[in-house]
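Undergrad: need a structure here:
(one chain, ligands or ions: 1)
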Amino acid sequence: MVKVYSSPEVGKVIVGRGSLYRLKDELDLLRPFKVMIVTTENVAKLWLDRVLTLLDRVADVTVLEDGELAKDLKVVERLLVELLRKGFTRKSLLLALGGGALCDVIGFTASIYMRGVLLSLVPTTLLAQIDAAIGGKTGINLEGKNVVGTFYPAHVTIVDPELLNTLPKEELVNGMAEVVKYGIALDQQLFELIELIDKSSLTDVSFLDKVVHECVEDKIRIVIKDPREETGERMKLNFGHTIGHAIERLSGLEHGRAISIGMVCECRVAELVTEFKDTDRVKAVLEKLGLPTQLNADPKAVLKLIRMDKKSWYGKPILALPTKIGSIAIKEVEEETILRALGEAS
Ligand code: GLY
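TA: Residues are numbered from 1 along each chain as shown. Next up, the predicted model:
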């Protein structure tokens, strides 16, 4: 089943097995002057030829480093110069073929080059398909994670779960952290479904299809209500990320694994300031999936990075905290409370 969502807040998002075959028609509708595909080495080996064949037009190709290393101002500058020297005009298109970090940095570059060019995202990881590529957030790192960025929904996003067939199991596990996040933050039924599965379900095509469809739908619903994270609605999606981003930065763990620990820590904060009681249930699900749950970082160093979080609007940390599975409240939290919870999670 292929579903199409279209709104100014999220652009056009085409989700489902086989949606990659629509790429050419969708890009033709945008009538780009030039196209640059930006990808990473691993993804290029697996999918670049297929995408070039499907596109059936001349396109420049640029290959970036894998992962968070690409989310750097110097990489953006290099890309901007390349676009300019190659004659990319405002009516040209950048196509990001890769994971969440690549979508973040290419989205950012597309949003600032000539004040904004056409953008298409083809996410190739579970994490990017259900979260990073949906909803227009772009970003690069500067001391802290995603400190610099814009809101710039891609004109066309193709979410094809078939691209997950070549994804290493470890990367699927990494992406499952975000699936668990959706369950805890918004979708009790999804959480209960994950409680029932075992690790072998991660290679079950119909399970992955279901999860991708449900998470994308959950995310689009929230982004349409609060596209620029102003009302608190979209902040719900940051559950696990305030502490998780700090852990990611300090430990170098992959995003999903850092978020897994971040979710456990934030559940402990929730137990201190809300009626939430299900930290052990959350921990059990994450551990069953093979995700880490133990904090291996100095709580004070974590707190220092939390101070750079974009949600600390008036200087105090604001966290998205579960009140029960499937329900989240946005709360300003004292730093001492966070330190206490981090101490318990160590
Ligand atoms: N990843 C959270 C958001 O897009 O708002």
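Undergrad: To what extent is residue 229 buried, counted in neighbours?
TA: Around residue 229 there are 19 other residues, counting by other Cβ atoms under 10 Å. Every residue, glycine included, has its C-beta placed from N, CA and C.
Undergrad: Quickly note the distance from the residue nearest to it when sequence neighbours are not counted to the ligand.
TA: Of all residues not flanking residue 229 in the chain, residue 235 sits nearest, at 6.0 Å (Cβ to Cβ, 6 or more residues apart in numbering). Using Cβ to the nearest ligand atom, to the nearest Å, residue 235 is found at 8 Å from the ligand.
Undergrad: Kindly report the same for residue 39.
TA: On the measure of Cβ to the nearest ligand atom, residue 39 and the ligand end up 22 Å apart.
Undergrad: what bridges to that residue?
TA: In this entry, residue 39 is beta-bridged to residue 63, residue 97, by DSSP bridges.
Undergrad: What distance do you get for it to residue 77?
TA: 19 Å (Cβ to Cβ, to the nearest Å).
Undergrad: Need the pLDDT of residue 192.
TA: Predicted confidence (pLDDT) for residue 192: 96.
Undergrad: Check which helices and strands the host helix or strand of it sits against.
TA: Secondary structure assignment for residue 192, by DSSP states H and E: helix 188-196. Contacts defined by 3 or more Cβ pairs under 8 Å, 6 or more residues apart in numbering; DSSP states H and E place helix 188-196 against helix 169-186, helix 205-225, helix 279-289.
Undergrad: so how many other residues sit close to residue 18?
TA: So residue 18, with other Cβ under 10 Å, has 12 neighbours.
Undergrad: still on that earlier bit, pick out whichever of residue 39 and residue 77 has more residues nearby.
TA: residue 39 (25 against 11).
Undergrad: Name all residues that make contact with the more buried one.
TA: 47, 48, 61, 62, 63, 64, 96, 97, 98, 102 (Cβ atoms under 8 Å, 6 or more residues apart in numbering).
Undergrad: are any of those buried, and which?
TA: 47, 48, 62, 64, 96, 97, 98, 102 (16 or more other Cβ atoms under 10 Å).
Undergrad: quick one: the residue nearest to residue 229 and residue 149, what's the gap?
TA: 16 Å.
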